[in-house]
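Chemist: Sharing a sequence plus its predicted fold:
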Amino acid sequence: MNRLCLVAAAILQLAITSPAAMAQEVCDRACLGGKLDQFLEAVVANDPDKAGLWVGYRQTQNALLIAPGEGIWATNSGLGALDRRYFDPATGQAEFFGTMKEGDETAIVSLRIKLHDDKIGEAEWHVARASDPDIRGVPGKIVFDTENLLANPPLDRTVPESERRPRDELIAAVNSYFDGIVAGTGRYVRGNPGCQRLENGLGGPDWTGRPVSEADAEFQESSDCRSGYAGLGIVNVAARRYLMVDEQAQVVVASAVFIRDPLNPKRRNCFMEIFYLDEGKISSVYAAMVYADPQRPMPNWAPYDGNFPIAQNLIPHG
């Protein structure tokens, strides 16, 4: 019996130290940084073979499934002036938020990658361009300002460990932001006074410190990221996904879809946002977003794999 126990223990130890088991070890920040570097270098070179992709690799661009080498892989001409990177070893994910060049134009890009078996198994792109359709579908009218984004970039920071809040608390603060939009008031949003919001680079200081509406004046003295919810015409912030948390930077990467009220001709927003938090409250929000075609299913990621929402706002077709 003792011999059997010794053999079993030896087999267990061999399994624990085997290459297959070692591959399941956590990929730390440096490891994730290397994976993201390799992936972006492959994108710039338009060479998927250099990206380190898992056999079941899947990627979307603005909720549409694309093959390796397609989409921004084929249209980009290099990384732009803004480059921020975030890492979540607990979930094996990394995020790039910044700009990419497309010839003479510049796109604002949010990219999430996720590992699978030490390879990159997922890539989710949100790519915004000045030529994109606006909230009513008119090309070239989308909110967009790369110069303002470069003048007011996301921080590149490491928050002292003693000042960090746990990931569930950070996610709860971001969820309060979405809840406030649905409720039509920022009263209960866990945001710091003066918090900034930039959508495709537009906003920041230009949207803060201004006089507020009578409704907002009940809880704040001047405008910030908690202002102006009452007039948005958004009945639900649907498909909320809290994709990753960079605990060192105190950043949450989230995605959702803004659903308009019935028969509203305005399009849905599809976006990925970078939330910076201090003392567990939102200090700044950076979004890469598009106004999606009414027939496009989104976000096209679990648990909403290509089936939510199917149609937009019950708009009749004539």
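Modeler: Now that the structure is in, tell me what you want to look at. Numbers count the residues shown, from 1 in each chain.

Chemist: how long is stretch 61-78 from one end to the other?
Modeler: 17 Å (C-alpha to C-alpha, to the nearest Å).

Chemist: can you pull the buried residues of that stretch?
Modeler: Buried residues in stretch 61-78, counted by 16 or more other C-beta atoms under 10 Å: 61, 62, 63, 64, 66, 68, 71, 72, 73, 75, 76. Using the backbone N, CA and C atoms, a C-beta is placed for each residue, glycine as well.

Chemist: hmm, who's touching that stretch?
Modeler: 43-44, 46-48, 51, 53, 57-60, 100-103, 107, 109, 125-127, 270, 290, 292, 296-300 (C-beta atoms under 8 Å, 6 or more residues apart in numbering).

Chemist: Now find how far off-centre it is within its chain.
Modeler: Distance of stretch 61-78 from the chain centroid (C-alpha atoms, centre = their mean, to the nearest Å) equals 17 Å.

Chemist: Would you agree residue 150 falls within a helix?
Modeler: Yes: checked against DSSP: H, G, I helix; E, B strand; the rest coil, residue 150 lies within a helix.

Chemist: Tell me the buried residues within the contacts of stretch 61-78.
Modeler: 43-44, 48, 51, 53, 57-60, 100-102, 107, 109, 125-127, 270, 290, 292, 296-300.

Chemist: can you give me the end-to-end distance of stretch 42-59?
Modeler: Stretch 42-59 end-to-end distance (C-alpha to C-alpha) = 14 Å.

Chemist: Any stretches of this protein with poor pLDDT?
Modeler: 1-24, 306-318 (pLDDT under 70).

Chemist: which residues in it form helices?
Modeler: Shown for the chain, the helices assigned by DSSP state H span residues 2-17, 19-22, 29-45, 72-75, 146-151, 167-183.

Chemist: For the protein, which residue occupies the most central location?
Modeler: residue 272 (3.2 Å; C-alpha atoms, centre = their mean).

Chemist: Pick out the most distant pair among the buried residues of stretch 61-78.
Modeler: Taking C-beta to C-beta as the measure, those span a maximum distance of 19.0 Å, between 63 and 76.

Chemist: correct me, but residue 42 touches residue 48?
Modeler: Yes: Residue 42 lies in contact with residue 48 (C-beta atoms under 8 Å); the separation is 6.3 Å.

Chemist: Tell me how far the residue lying closest to residue 44 once chain neighbours are set aside lies from residue 107.
Modeler: Take residue 44 and drop its neighbours on the chain: the residue closest to it by C-beta to C-beta, 6 or more residues apart in numbering is residue 78, 5.6 Å away. As for residue 78, its distance to residue 107 is 11 Å (criterion: C-beta to C-beta, to the nearest Å).

Chemist: Name the residues contacting each of these two.
Modeler: 100, 101.

Chemist: Which one of the buried residues of stretch 61-78 is nearest to residue 183?
Modeler: For these, the nearest to residue 183 is residue 63 (25.9 Å; C-beta to C-beta).

Chemist: Give me the phi and psi angles of the closest one.
Modeler: phi 80, psi 0 (degrees, to the nearest 10).

Chemist: Which residue is the nearest non-sequential neighbour of it?
Modeler: Sequence neighbours aside, residue 298 is the residue nearest to residue 63 in space, at 3.7 Å (criterion: C-beta to C-beta, 6+ apart).

Chemist: Surely the one you found is in contact with residue 292?
Modeler: Yes: counting by C-beta under 8 Å, residue 298 touches residue 292, with 5.9 Å between them.

Chemist: which neighbours do these two share?
Modeler: Common contacts of residue 298 and residue 292 (C-beta under 8 Å, 6+ apart): 63, 257, 268, 270.

Chemist: So which of these belong to strands?
Modeler: 257, 270 (DSSP state E).

Chemist: in the stretch 51-200 of the chain, which spans are strands?
Modeler: For the stretch 51-200 of the chain, the strands defined by DSSP state E, counting those that start in this stretch occupy 53-61, 64-66, 79-88, 93-102, 105-116, 119-128, 191-199.

Chemist: As TSV, these with distance to residue 264 would be great.
Modeler: As requested, the strands of the stretch 51-200 of the chain are exported to TSV (distance: least, C-beta to C-beta, whole Å):
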stretch	distance to residue 264
strand 53-61	26
strand 64-66	23
strand 79-88	33
strand 93-102	29
strand 105-116	25
strand 119-128	22
strand 191-199	19
